[in-house]
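Participant: pasted the sequence and its predicted model underneath.
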Amino acid sequence: MADDRTGRGGLSEADLQELVSSTDAGARSPKGAVGYFLAVVAVVWSLFQVLLASPLANYVLPGDIINNSRQIHLAFAIFLAFMAYPALRSSPRGYIPIQDWIMAVAGAFIALYGYFFYEKIVQSGGLADDTDKWFALAGLLLLFEGARRALGPAMAIIATIFLAYVFFGASDWVPDVIRWKGASLQKAMSHMWTTSEGVFGIALGVSTKFVFLFVLFGAMLDKAGAGNYFIKMAFGALGHLKGGPAKAAVVGSAATGLISGSSIANVVTTGTFTIPLMKRVGFTSEKAGAVEVASSVNGQIMPPVMGAAAFLMVEYVGISYVEVITHAFLPAAISYIALVYIVHLEAVKQNMPTLGDRVVSMGRTIGGMAAFFVGFAGLCYGLQYPVGWITSALPSSGLILSGLVFLAYLALLWLASKGPDLEPDDPNAEEVKLPVVGEIYKSGLYYLLPILVLVYFLMIEQKSPGLSAFWAAILLFVILLTQRPIKAIFRGQSDLANTFVLGVGDFVEGLIAGARNMIGIGLATATAGVIVGTVTLTGVGQVMAGLVEFLSGGNLILMLVMVGLLSLILGMGLPTTANYIVVSSLMAGVVVELGAQSGLIVPLIAVHLFVFYFGIMADVTPPVGLASFAAAAVSGGDAIRTGFTAFFYSLRTVVLPFFFIFNTDLLLIDVSWMQGILVAVIATIAILVFTAGTMGHFLIRNRMYESAALILVAFALFRPDYFMDRIQPPFEMVEPARFEAALGAADPGEELRVVVSGPDFLTGEIKETTLVVTAEGEGDGAARLADAGLMLMESDQGVAMDEPMFGTPYSDVMQGFDFYADTPVTIESVKAPADQMAKEIVFIPALVLLGLIVLLQRGRMRKEGVPV
């Protein structure tokens, strides 16, 4: 595609690449010796991170480097931030001013301060002395400036506000509701810089251990040509259908979103091809941009990377990586299915033409895609048996398995060499010739090998994300270095030296791209550490809970709406990783605490996914929707209208969290295989029905009552428990005095809901929370209470509760109560499980109602002469 070609809102290819680089990799690319130096630094960073994740790290790297890897990670990120990102729009792009060199070197040195003075800091217990505190303050200022350049002003402003709250939160002019006792500069800097509570906390650790390898994996896979292959396959499969370019945009963005980790890069990378084609078949500029935005942003909720949030959830929620992506998969998958259906309905409503002259069956297309995904999943699962046999039966099994993978690579590469290499198409050509899947699929099958290795190690072997990404990246290294020369050999070409040099160039460019794409993420996780550190130092999370409780008036649904809106506001202008850290640090605890007060007990992963979904919607929603502005730049449409249209298309992403927070079956929590399949089928039907209801079109244009009925059907399919609980209550009330007896009579595994009331430790005001007490073991009620660490006693007010035993789960939940006040902590009510019919029975009348709507619309279609 020529650089001077326009037609995407007047932007040339160079302009678009500038748009991506300025947001994701830095707009500055100096030439000459300085350019080579920065390339070397980026390559060294990538190779260091690969070595750090390798099984050889403990043998090759000194212990102090491994122990201080977070400091080294941040030093690279800060140095490259000042090198790659200009300070202002008017700053030079072709060379690096002297002040940027000074700030880059100073920032890298202060980031490494804990490495250089490790012994001193350890001996002081992390407490900063007079010298340390000034270095730490300078480090924070440089970090904020680097974050401002790489991420925009939002992240730096939010972090500055939180840091100011640490220093000035005790002032008289601060409202009482958010005032705290304050901290000295020495204490604040110790917390933020010299310990692992602030900048060098969990978030930066996850960025160091896991995120870099996945970002590098995505950059290398794209450099190998996989991105273009995925887009071509999507257009080959879906481009000839009604609204095909939009459907292909959704699928192509889903595939590239898995590896890019950036919604803006995804919009521009796939949008340069998809948006012009969508406009050709009748989509307006705003709708074409909105489809691309909705599908690109959804890439951030799609496992296995989820914009790096998946790895942070492992640390914050305390469950395994496999569990995180298992719980996140179904909502993300049905969200994409709904988006495909949205663009189908848009095409049907406007009777859009198709591209090309081939007649393609939609049923066969969907069946073929489903067969591919099922086959790929089956291959990943089935590999464990031959691999297990080789591992147990043969010595040096690692070398043998590596050899077999290489042989498979050679076979697939030989298959690819039978056809020409895939070149990017020009969507603005006078005649668009869409690819034929049967002709092009062979050319990129070997791209699936690294993905297969990654999924196998993650899901089957259940290795750590870092080690899994390491082996997948090593295979990609081999592919980048060898695909060109081996193809040349298979094709009988003689210029092997040139093809090998080109392969080395691809490899080096992949390493550079991976490092530059990590600059923003590294700074985002470090800067977000200041926010996390403020929360742990000041207890501002309790303030947020009080604010939400006040605004919502204690209403549970209104409370969730308020949390969603605050997450949306807090996420504005932030990249996905920083977005999740901020919203989860401030809002997840609010949902847990206020939900428990209202009797809503939700698994922590559901809470984190809830705030994450709303946080990423900030990329869509005006006035700060960065992805919407990028799409408008490509399409030439109005950015605000694009953002609002994309938000409408993303309604299911807004609604889904409210469903899975109440119905955790949608997250596949505590469900069997058979239940999981049923939940997936019903959830898919529900999201399609909800989409048809909100789009005003099902088989034909809906009447108002049909849209209302469709939304009601969707609600019943998503929340069957809502109706069943009103037919048969799930709990029966038990007198507090009979709590011990009820716990003793309960079957093992049954859960009793206990509402506890008592004075707040800080304010003395009476508050409530709900405890879930599980009947465990075979003992009587007294023994089960003792095992749970709960102690009851009689009081004038009824059944009182003593402070739970330290170290038990209830000790953490109840730590906000004052057990030594004059007013005791008492049990207000106890709910024991009651016999209830299976909630799935509600599906029957819901599906019957759906069938009636189908009959009504089919009858109207016959009357109006519309093909049935």
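Facilitator: In hand now; what should we look at?
Participant: where does the most centrally placed residue in the chain land on pLDDT?
Facilitator: Centroid-nearest residue in the chain: Met306, 2.9 Å away (criterion: C-alpha atoms, centre = their mean). Per-residue confidence (pLDDT) for Met306: 74.
Participant: separation between it and Leu651?
Facilitator: 20 Å (C-beta to C-beta, to the nearest Å). For every residue, glycine as well, the C-beta is placed using N, CA and C.
Participant: for Gly744, same thing?
Facilitator: Note on Gly744: its distance to Leu651, by C-beta to C-beta, is 48 Å.
Participant: could you list the domains of this structure?
Facilitator: For the chain, automatic domain parsing gives the domain ranges 26-166, 733-833.
Participant: mind putting these into JSON lines with mean pLDDT and mean neighbour count?
Facilitator: Formatted as JSON lines, the domains of the chain follow (pLDDT from 0 to 100; neighbours: other C-beta atoms under 10 Å):
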{"stretch": "domain 26-166", "mean pLDDT": "89", "mean neighbour count": "18"}
{"stretch": "domain 733-833", "mean pLDDT": "84", "mean neighbour count": "16"}
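Participant: tell me the mean pLDDT over stretch 587-605?
Facilitator: Stretch 587-605 comes out at a mean pLDDT of 83.
Participant: any idea how far apart the tips of it sit?
Facilitator: End-to-end distance of stretch 587-605: 13 Å, with C-alpha to C-alpha, to the nearest Å as the criterion.
Participant: ok, and what's touching that stretch?
Facilitator: 313, 316-319, 323-324, 327, 541, 544-545, 548-549, 552, 554, 556, 559-560, 563, 566-567, 570, 607-608, 610-611, 661-662, 664, 667, 669, 753, 755, 767-770, 772, 813 (C-beta atoms under 8 Å, 6 or more residues apart in numbering).
Participant: and those, which are buried?
Facilitator: 313, 316-317, 319, 323-324, 327, 541, 544-545, 548-549, 552, 556, 559-560, 563, 566-567, 570, 607-608, 610-611, 661-662, 664, 667, 669, 753, 755, 767, 769-770, 813 (16 or more other C-beta atoms under 10 Å).
Participant: in helices, which of those residues fall?
Facilitator: 313, 316-317, 323-324, 327, 541, 544-545, 548-549, 552, 556, 559-560, 563, 566-567, 570, 607-608, 610-611, 661-662, 813 (DSSP state H).
Participant: ok, back up a step: quick check: the residue nearest to the centre of the chain vs Phe612, distance?
Facilitator: Between Met306 and Phe612 the distance is 8 Å, computed by C-beta to C-beta.
Participant: also Ala515?
Facilitator: Ala515 is 26 Å from Phe612, by C-beta to C-beta.
Participant: and for Phe406?
Facilitator: Distance of Phe406 to Phe612, given as C-beta to C-beta: 39 Å.
Participant: show the end-to-end separation of stretch 776-792, please.
Facilitator: First-to-last residue span, stretch 776-792, C-alpha to C-alpha: 18 Å.
Participant: do the same with stretch 486-505
Facilitator: End-to-end for stretch 486-505, by C-alpha to C-alpha: 16 Å.
Participant: tell me how far it is from the chain's mean position?
Facilitator: The chain centroid and the centroid of stretch 486-505 are separated by 39 Å under C-alpha atoms, centre = their mean, to the nearest Å.
Participant: can I get the domains of the chain in TSV with distance to Val848?
Facilitator: As requested, these are exported to TSV (distance: least, C-beta to C-beta, whole Å):
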stretch	distance to Val848
domain 26-166	49
domain 733-833	29
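Participant: out of these, which gets nearest to Val504?
Facilitator: Val504 sits nearest to domain 26-166 of all those, at 11.7 Å, using C-beta to C-beta.
Participant: any idea of the mean pLDDT for whichever helix or strand Ile264 is part of?
Facilitator: According to DSSP states H and E, Ile264 maps onto helix 263-280. For helix 263-280, mean pLDDT is 77.
Participant: likewise for stretch 413-432?
Facilitator: 80.
Participant: from here on, call the first residue 675.
Facilitator: New numbering, starting at 675: the last item is stretch 1087-1106.
Participant: hmm, back to that, okay but the residue nearest to the centre of the chain is in contact with Ala1002, surely?
Facilitator: Yes. Assessed by C-beta atoms under 8 Å, Met980 is found in contact with Ala1002 at 6.4 Å.
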